[in-house]
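Asks: Need coordinates for the below:
(chains A, B and C)
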Amino acid sequence: MFLKNAWYVACTPDEIAQKPLGRTICGEAIVFYRAAEGKVAALEDFCPHRGAPLSLGFVRDGTLVCGYHGLEMGCHGKATGMPGQRVNGFPAVRSFPVIERYGFIWVWPGDAAAADPAALHPLPWAEDPSWAYGGGLYHIRCDYRLMIDNLMDLTHETYVHASSIGQKEIDEAPPKTTSEGNEVVTSRFMENIMAPPFWRMALRGNGLADDVPVDRWQICRFSPPSHVMIEVGVAHAGHGGYHAPDEYKASSIVVDFITPETESSIWYFWGMARNFQPDDAALTEQIREGQGKIFSEDLEMLERQQRNLEAWPDRKLLKLNIDAGGVLSRKVIDRLLAAESVEA
Amino acid sequence: MFLKNAWYVACTPDEIAQKPLGRTICGEAIVFYRAAEGKVAALEDFCPHRGAPLSLGFVRDGTLVCGYHGLEMGCHGKATGMPGQRVNGFPAVRSFPVIERYGFIWVWPGDAAAADPAALHPLPWAEDPSWAYGGGLYHIRCDYRLMIDNLMDLTHETYVHASSIGQKEIDEAPPKTTSEGNEVVTSRFMENIMAPPFWRMALRGNGLADDVPVDRWQICRFSPPSHVMIEVGVAHAGHGGYHAPDEYKASSIVVDFITPETESSIWYFWGMARNFQPDDAALTEQIREGQGKIFSEDLEMLERQQRNLEAWPDRKLLKLNIDAGGVLSRKVIDRLLAAESVEA
Amino acid sequence: MFLKNAWYVACTPDEIAQKPLGRTICGEAIVFYRAAEGKVAALEDFCPHRGAPLSLGFVRDGTLVCGYHGLEMGCHGKATGMPGQRVNGFPAVRSFPVIERYGFIWVWPGDAAAADPAALHPLPWAEDPSWAYGGGLYHIRCDYRLMIDNLMDLTHETYVHASSIGQKEIDEAPPKTTSEGNEVVTSRFMENIMAPPFWRMALRGNGLADDVPVDRWQICRFSPPSHVMIEVGVAHAGHGGYHAPDEYKASSIVVDFITPETESSIWYFWGMARNFQPDDAALTEQIREGQGKIFSEDLEMLERQQRNLEAWPDRKLLKLNIDAGGVLSRKVIDRLLAAESVEA
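Replies: Residues are numbered from 1 along each chain as shown, chains lettered A, B, ... in the order given. Modelled structure (predicted):
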């Protein structure tokens, strides 16, 4: 069960730079490609001639050409030509609303008539030159909600990421969770602690001492359909923590777009946006590698948790205070799912 | 749905030269081996003793011996011996009619009583010393009819095989399709064009200039259960094309035996028979390698098409003029399937 | 269908030396670990917090800690702690009776109240310093009863293990099978034959001539739930065979613990116990390697037999005299299964 009337990150521009990309999103097999004037298009990945996947074809002058027998598709899903054929009567395939913005290609897998560009999740940092971004993509075999739970309860850092961003003080500091409209926020503040390895690297990268006590914060924000933005950072202790002046802190936004592939698998777009040394490409790559390694530590846990839940479908899971972020996020999703089913 | 009362290519002699071969054909798990006097035999791949696959056994003096406990099978499916046992009362397993001819081993997976050696597809070139043959085998996860469609509509060469045998002129020349009895013929003639790379190689191999215009032809012949023989060739333009004297042309027969393994997978025996330089083994190998590479380009397309059709089972595919060969071939199959079900 | 109220070998101590072990036994997903005072514990591999597999966690001071959010499990399946949480009301998970003895860790996957330590299969040689043991573990995709059949009918050695322990004389010597209570014994004696390669090695390892005729024996003992101990050996011919004095023979016990994972897969613990040169670790390793190689020859046969039986579920298999060991063993299992279902 996932929301269909919503904007999901489908891919990044580099993935369609050379050829069309076939990717299943929310159960829909879709081909993404760059059509006329560089505009991104998304169609059902099914040629109306003989059912070949259009993603095995190629783009010629902005037109998607089927790689089997040369049928040419327009970006709205109607065939526009085929050697030796009249294509007027050919059945159309679905086209999906797409937007390219903020360095991502977004797709609306549901009712195209309801697609509202204004509903796109705003990412102001992505258009601000004082910020830099680096990220990656993992395919994980789990329900997308398990990943939301994961990101809305960073207690797990103490255990899953013990050698990088985890530290004992995290699970000793109770989080505070609030919900307003469709957004859920869960935050945790730790004062006067030593920074863990990842943050020492960030402090140094930011020209700050890494061997003095810091205040650390984590503010996780869920918004539908399944995005989680996390403000994270450390500041030299006693300067105001989250509100400390920039010269005392290293901070960034952990960016998580969780795009369901099927009911039990996801495309997980992860990354980090930072507003220090934005032009240092080597630092961007260093952070990206470190984060990629850290986030890969979650994969086995999530996939095995998924299999356990499939094996024991009737067991109720606990909903502790640390789980409140995930629990409230699921409530938002359930409410929107109910609304979507009324509309349909 | 495939015809069972028919001769299918099961394997080539080299595949049973060293040991028995287990292969599923039309849903029947069969062991092939060379029995007494070098005669090929085919039995259910199931030992009546404990169900072990007989194909894991070995042949001793023309008798198939089960590799688990030594039961000896006769070529008609009755146990003929077992150390320390009286085997008279042992249940028999099915034996399948087999014929070794034309360089292939053919099996009749249906009603043995109906097996008619005269129904074997004649391959006169295979017994004519002025012809040479080279070929190979691919396992492909698709319905056998998708491969028939593929071979009865060579329009796809322009797209799938663009760098070898494909050329724009193919999909610009409309094919002509006819049906007579159980045979379907679809043909395409292109005049005064430049030969594509594969045919330039063949012209040179045949001692002919490769840089002059040619006439090119493709005559695809389907015959049940699922054989497609394709006469292909080029002749220096203006000498009669298909009917040109031998000294102006390079031609051959593309040989395709499509043997269903299951409803959604096939054993695809492909090859090429030619009547020039038949004793040039190096040329045979060169052509075989080239053809193997070309035919491997179809695999992903066919397997992905199969998965698409499984995902969208209710979609009707188009039946254009270029599809007429496949459409008529399927009609022949459907008519024979109906007849087979009446007999059964 | 397997017995649940029985002791099965679950693992060996080295498998839980570094971290917890997750293993499915008789359909139960279980985590094994070494708890307080070195005592082995076995719990359902499911954290009551969010369903993560406990086997991805770690042991701290004898407590199993969930690797996701730090829940601490006691060895009886009740949570004993979690940072920042009161765990009194947390639901418990099942704990399974376990015994560590004879170099193995045994688990009782059924009704814990019925677990009787006295029912553990006695292995006197394992606690006798004049014996040595070496063994290994294979995962095989077959019904556990196919492996019992395999071991209770060593006729297969002639075919499957032709180059090591097999010889023609085996399948020429009819076995004798008896049953008493829940134990089934099938034995075979061969007199005045030449030893096969494996036994020649053992004779030499035992300081005996390997080029003289021997008497050879195989005494296979099945006991529930699925253990097969096989006394095997050779003695220089004419000295009493099985009863010959030690100076004329090389003998050992083939040890087979067949632990069902699912209805169609097993954990197969194999090994060999010997009472000659028990302190020769190099000999132990040499025998272990040889035996491992021999037993690996059964894997393909068993897995393919399993698939054949699944494909032909209605075929009755033969029950020859050589199959009597397996047939009677299955009768014991069926009788105990019926009793278990009455109790339940």
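
Asks: Please name the residues that touch the nearest residue to residue A:213 once chain neighbours are set aside.
Replies: Counting by CB to CB, 6 or more residues apart in numbering or on different chains, residue A:213 lies nearest to residue A:237, which is 4.1 Å off, once chain neighbours are set aside. Where C-beta positions appear, they are placed from N, C-alpha and C, glycine not excepted. The contact partners of residue A:237, by CB atoms under 8 Å, 6 or more residues apart in numbering or on different chains, come to A:191, A:192, A:212, A:213, A:214, A:215.

Asks: Now rank these by neighbours and give me the top one.
Replies: The most neighbours of any of the contacts of residue A:237, using other CB atoms under 10 Å in any protein chain shown, belong to residue A:214, which has 30 neighbours.

Asks: Next, the contact list for it, please.
Replies: By CB under 8 Å, 6+ apart, the contact list for residue A:214 reads A:192, A:193, A:194, A:195, A:199, A:203, A:234, A:235, A:236, A:237.

Asks: if I look at it, how far off is residue A:199?
Replies: If you measure residue A:214 against residue A:199 using CB to CB, to the nearest Å, the figure is 7 Å.

Asks: Need the residues touching each of the two.
Replies: Overlap of the contact sets of residue A:214 and residue A:199 (by CB under 8 Å, 6+ apart) consists of residue A:234.

Asks: So for the host helix or strand of residue A:337, mean pLDDT?
Replies: Mapping residue A:337 onto the secondary structure by DSSP states H and E places it in helix A:324-343. The pLDDT scores in helix A:324-343 average 94.

Asks: May I have it as PDB, with CA atoms only?
Replies: C-alpha atoms of helix A:324-343 as PDB (Å, rounded to 0.1, in the frame of the first residue of the first chain):
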ATOM      1  CA  ALA A 324       6.800   7.600  17.600                       C
ATOM      2  CA  GLY A 325       8.300   9.200  14.500                       C
ATOM      3  CA  GLY A 326       7.600   6.100  12.400                       C
ATOM      4  CA  VAL A 327       4.200   5.500  14.000                       C
ATOM      5  CA  LEU A 328       3.000   9.000  13.300                       C
ATOM      6  CA  SER A 329       4.400   9.000   9.800                       C
ATOM      7  CA  ARG A 330       2.400   5.800   9.100                       C
ATOM      8  CA  LYS A 331      -0.700   7.500  10.400                       C
ATOM      9  CA  VAL A 332      -0.200  10.300   7.900                       C
ATOM     10  CA  ILE A 333       0.200   7.800   5.100                       C
ATOM     11  CA  ASP A 334      -2.800   5.800   6.200                       C
ATOM     12  CA  ARG A 335      -4.900   9.000   6.300                       C
ATOM     13  CA  LEU A 336      -3.800  10.000   2.800                       C
ATOM     14  CA  LEU A 337      -4.300   6.500   1.500                       C
ATOM     15  CA  ALA A 338      -7.900   6.500   2.800                       C
ATOM     16  CA  ALA A 339      -8.400   9.800   1.000                       C
ATOM     17  CA  GLU A 340      -6.900   8.500  -2.200                       C
ATOM     18  CA  SER A 341      -9.200   5.500  -2.100                       C
ATOM     19  CA  VAL A 342     -12.300   7.700  -1.700                       C
ATOM     20  CA  GLU A 343     -11.200   9.800  -4.700                       C
END
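
Asks: Counting neighbours, which bits of it end up buried?
Replies: Neighbour-count burial for helix A:324-343 flags A:324, A:325, A:326, A:327, A:328, A:329, A:330, A:332, A:333, A:336, A:337, A:340 (criterion: 16 or more other CB atoms under 10 Å in any protein chain shown).

Asks: related to what we said a few turns ago, state the pair within the contacts of residue A:237 that is farthest apart.
Replies: The largest separation in the contacts of residue A:237, counting by CB to CB, is between A:191 and A:212 at 13.2 Å.
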